[in-house]
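Visitor: Show me the folded form of this:
(one chain, ligands or ions: 1)
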Amino acid sequence: MKLEHIGIAVKDLKKSEKMYEELLRTSVYKREEVPSESVITSFLSTGSTKIELLASQDPDGPIARFISKRGPGIHHIAFEVNDIEMEIDRLVEQGYQLISTKPKLGADNKKIVFLHPSSTNGVLIELCQEVKK
Ligand code: ZN
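Guide: Numbers count the residues shown, from 1 in each chain. You can find the predicted model right below:
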C-alpha cells in the first residue's frame with residue numbers, strides 16, 4: 001500500500017492553507033467539499049504524497065468533534081489500494097474493526113473506508129481507491 005495522503009484537522013482553512021503553502025513552498029491545487037463528512041478539504045502535493053487539510057462545515061460533524069476533543073492536528077493517514085472491497089473483506093476476516101464496511105465517496109474522486117483506531121494502535125487509517133471514470 002502506498003501512503004496516499006495525511007489528513008490534518010484544522011480550525012481555520014484559509015490560515016492553514018497559507019501556512020502549509022509557505023512551509024512546503026507549494027500551492028493548494030484543489031479545494032473540495034465532501035458532504036458525506038461535512039468537511040471542506042484542501043490538497044497540497046509534497047514529494048510523492050499529499051497533505052489533506054480538513055475543515056468542518058458542521059459544528060457536530062466528525063472533524064469538529066475531533067478538534068473539540070483533541071485539538072487540531074493529524075487526523076488520519078491514508079493508504080491507496082487497488083481493490084478496496086477486497087481489502088475490506090481481508091481486514092474484516094483478520095479481525096480489524098472498520099468504521100463502516102461499505103466504501104463512501106470521499107474527496108479527490110476516491111472511494112474511502114476507515115479502520116477504527118481501536119484496532120490500529122490509536123491511528124485512524126483510511127484506505128482509498130481511485131474511482132475510474
Ligand atoms: Zn483522507
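
Visitor: how about the residues of this protein near the ion?
Guide: Taking C-beta under 5 Å from the ion as the contact definition, the chain meets the ion at 7, 52, 78, 126. For the C-beta atoms, the positions are set from N, CA and C on the backbone; glycine is no exception.

Visitor: can you tell me the residue of this protein closest to the ion?
Guide: Per C-beta to the ion, Gly7 is where the chain lies closest to the ion, at 4.0 Å.

Visitor: Please identify which pair of the residues of the chain next to the ion lies farthest apart.
Guide: Glu52 and Glu126 (9.3 Å; C-beta to C-beta).

Visitor: And the pLDDT for Ile63?
Guide: Per-residue confidence (pLDDT) for Ile63: 95.

Visitor: Correction: the previous question concerned Arg90.
Guide: So, for Arg90, pLDDT stands at 97.

Visitor: Past the helix or strand containing it, which element shows up next along the chain?
Guide: Using DSSP states H and E, Arg90 sits in helix 84-93. Counting by DSSP H and E, the next helix or strand C-terminal to helix 84-93 is strand 104-106.

Visitor: Output the contacting helices and strands for that next one.
Guide: Here strand 104-106 touches strand 110-115, going by 3 or more C-beta pairs under 8 Å, 6 or more residues apart in numbering; DSSP states H and E.

Visitor: What mean pLDDT does the strand it packs on get?
Guide: For strand 110-115, mean pLDDT rounds to 95.

Visitor: Please list all residues in contact with the closest residue to Tyr29 other than its chain neighbours.
Guide: Closest residue to Tyr29 apart from its sequence neighbours, by C-beta to C-beta, 6 or more residues apart in numbering: Phe43 at 5.9 Å. Contacts for Phe43 (C-beta atoms under 8 Å, 6 or more residues apart in numbering) come out as 5, 28-32, 50-53, 107-108.

Visitor: Thank you, goodbye.
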